[in-house]
Structures are given as structure tokens and as C-alpha cells.
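**Student:** Below: sequence and its predicted model.
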Amino acid sequence: MIEIKKLMKQADNKTILKGIDLSIKKGETVGILGPNGAGKSTLLKVLATLVKPSSGEVAVGGYDLKKNPGEIKRLFGYLPHSSLLYDHYSPLENLVFFAKIYGVKNPEERAVQLVKEVGLSFFLNDPVKNFSRGMIQRIAIARAIIHEPSILLLDEPHTGLDQGAIGILNNVILSMKENGATILMVTHDFKQAAELCDRIVIVKNGKIADDFILRNRNITTLNEKYSHQVEGVS
Ligand SMILES: Nc1ncnc2c1ncn2[C@@H]1O[C@H](COP(=O)(O)OP(=O)(O)OP(=O)(O)O)[C@@H](O)[C@H]1O
């Protein structure tokens, strides 16, 4: 589904990604872990077509990133650090706007259904600028999946969420997973990574330091492998 070969990204004389080779199959849920500044968000931004690679090959769903960025963009639902929502618009207005951009059938119906799914029906018509960080993140999740993408890119999606919102987000992720979506999740939250992901990729200093299948939601294995690769503990 996603084929990355020798991916490099340079910016301001700094090499952020130093030759990433990564192959992700359809239906995999992959946790991307690593220390601050390792290049995790940059990797997601390249896939989301927001950042151009300096060199290397990226293919998604059979499309080449350089030749068909538009087709690739459509396959992805992207949840970045910033919500991408319009402050003065309500959840309904925001979601209808994005639904129309993606050509979703019945945009209003889909928007109302998603606001209900993320538990904010009561605030359907209130401006987003009055919302808390967690409420904004709930609507941002709805925005990311409005067009029923086949690949979900999540950048630290659990940050700032309360237990209720974590449950909602995890249900969204698990139900997309059940429907065959491919999911990449950058996170510092080992508990959520172990709970949701089948495979873990550790990025360190712009390179892949480890890549392994995580069986039985085993957080101890995850902790041990991370400590070994990142903190040099064996
Ligand atoms: N546009 C840019 N120009 C210059 N440097 C950049 C740019 N974007 C990112 N960087 C640098 O690249 C490095 C990797 O950033 P990135 O955000 O990908 O890391 P990360 O692994 O997601 O970190 P964190 O866990 O802190 O979110 C950082 O040192 C960052 O300052």
C-alpha cells in the first residue's frame, strides 16, 4: 500500500530524513515512535504531500508521489498537530466545507453523523473558537475521516484528550482498522501504541532504528525495544 525507498529530506542545510526504506501493507496499523526531533512528523508530512522529499521514491496505492500527488492526497485522512479547522465556523460548517472539498455525497448528513460520533452534537452550531483543546481535537478527528479515507495518518492523536475522547478516537481507529484501512500513528504514548498497533517502527535521527511486529499488545516488549534502540539500554 505504501512503498518508501531511500527517502531523504533536507531543509535549512539539515538532513531530517536520512534514507528511509519502509513498506507498509494494506490493513496494517503501524505505530511510529522515536525521540523528539527524530523526523516522525516530517515523514507523515511527506506522505500527506505537504512536504516534498529531497530524493527517494514514494508510492502509495500504486501512485507515484511525484507524478500523482492529487490522487494520493485523496487516499489519506491526515490528523496533524494543528486542527486545520476554521475558528469562526461551527463544527457543522467546518465539516460540510471539508466534505464538499472531497466531493462527499450528502455533506450535511455526513457532518451531522460525525459530530454525533465524536460526542459533540450539543455544540453542532457553536463556533469552534470557543472550544477546549480536547473538543477541537474531536472535530479534527471527524475532519480527518470525513471522506472515508483508506489510509489514516495520525500525528500524536491522543495528546490533550480526556478519557472519553481517547475512547472515541480509539473506536474510530479500531473501526477503520476493521474495515481494512491502513493506519500510521506517530505517538509518544506507549500504552496507546501497544493497544492499537500491530507493528512498531522506531525512528531515530532521521533513520529507521527498529521495525517489528508487536504481538499480544505487549507493552513490555515495546518498552524494552525502545529503551534498547533509543536510550541505549540493553
Ligand atoms: N521546515 C523545516 N525546516 C528546518 N528544519 C525542520 C523543518 N521541519 C522540521 N525540521 C527539523 O527537523 C527535525 C525533525 O522534526 P520532526 O517534527 O519531523 O520531528 P518529530 O520526530 O516529529 O519530533 P517530535 O517528537 O518532537 O514531534 C527537527 O529538528 C526539526 O526542527
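**Tutor:** Good, I have the coordinates. Numbering: from 1, shown residues only.
**Student:** and L114, what is it in contact with?
**Tutor:** If you count contacts by CB atoms under 8 Å, 6 or more residues apart in numbering, L114 has them with L95, A142, I145, I146. (Glycine included, C-beta is placed from N, CA and C.)
**Student:** Report the separation between it and the ligand.
**Tutor:** From L114 over to the ligand the distance is 27 Å, taken as CB to the nearest ligand atom, to the nearest Å.
**Student:** Tell me if I am right that that residue is in a strand.
**Tutor:** No - according to DSSP: H, G, I helix; E, B strand; the rest coil, L114 belongs to no strand; its state is helix.
**Student:** Now do it, the pLDDT please.
**Tutor:** At L114, the model reports a pLDDT of 95.
**Student:** I'd like the distance from it to V96, if you could.
**Tutor:** Summarising the geometry, the distance separating L114 from V96, computed by CB to CB, to the nearest Å, is 11 Å.
**Student:** Count the residues that sit near the residue nearest to H88 when sequence neighbours are not counted.
**Tutor:** With sequence-adjacent residues excluded and distances taken as CB to CB, 6 or more residues apart in numbering, H88 is closest to P127, at 5.5 Å. In terms of burial, P127 registers 15 neighbours under the definition other CB atoms under 10 Å.
**Student:** Likewise for I141?
**Tutor:** Counted by other CB under 10 Å, the residues lying close to I141 total 25.
**Student:** try P35
**Tutor:** Residues contacting P35 under the criterion other CB under 10 Å number 16.
**Student:** where do the strands sit along this protein?
**Tutor:** 2-11, 14-24, 29-33, 55-60, 63-64, 76-79, 151-155, 182-186, 199-204, 207-213 (DSSP state E).
**Student:** Dump those strands to a markdown table, plus mean pLDDT.
**Tutor:** Rendered in a markdown table, the data for these read as follows (pLDDT from 0 to 100):
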| stretch | mean pLDDT |
| --- | --- |
| strand 2-11 | 96 |
| strand 14-24 | 96 |
| strand 29-33 | 97 |
| strand 55-60 | 95 |
| strand 63-64 | 92 |
| strand 76-79 | 94 |
| strand 151-155 | 96 |
| strand 182-186 | 97 |
| strand 199-204 | 96 |
| strand 207-213 | 95 |
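**Student:** Would you mind giving those strands as JSON lines with distance to G103 and mean neighbour count added?
**Tutor:** What follows is those, written out as JSON lines (distance: least, CB to CB, whole Å; neighbours: other CB atoms under 10 Å):
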{"stretch": "strand 2-11", "distance to G103": "23", "mean neighbour count": "17"}
{"stretch": "strand 14-24", "distance to G103": "26", "mean neighbour count": "17"}
{"stretch": "strand 29-33", "distance to G103": "27", "mean neighbour count": "24"}
{"stretch": "strand 55-60", "distance to G103": "19", "mean neighbour count": "18"}
{"stretch": "strand 63-64", "distance to G103": "18", "mean neighbour count": "16"}
{"stretch": "strand 76-79", "distance to G103": "14", "mean neighbour count": "23"}
{"stretch": "strand 151-155", "distance to G103": "18", "mean neighbour count": "23"}
{"stretch": "strand 182-186", "distance to G103": "21", "mean neighbour count": "24"}
{"stretch": "strand 199-204", "distance to G103": "32", "mean neighbour count": "21"}
{"stretch": "strand 207-213", "distance to G103": "35", "mean neighbour count": "15"}
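**Student:** which residues does A140 contact?
**Tutor:** With CB under 8 Å, 6+ apart as the criterion, the residues that contact A140 are L79, S83, L84, L85.
**Student:** and of these, the nearest to the ligand?
**Tutor:** Proximity of the contacts of A140 to the ligand was ranked by CB to the nearest ligand atom; the top entry is L79 with 13.7 Å.
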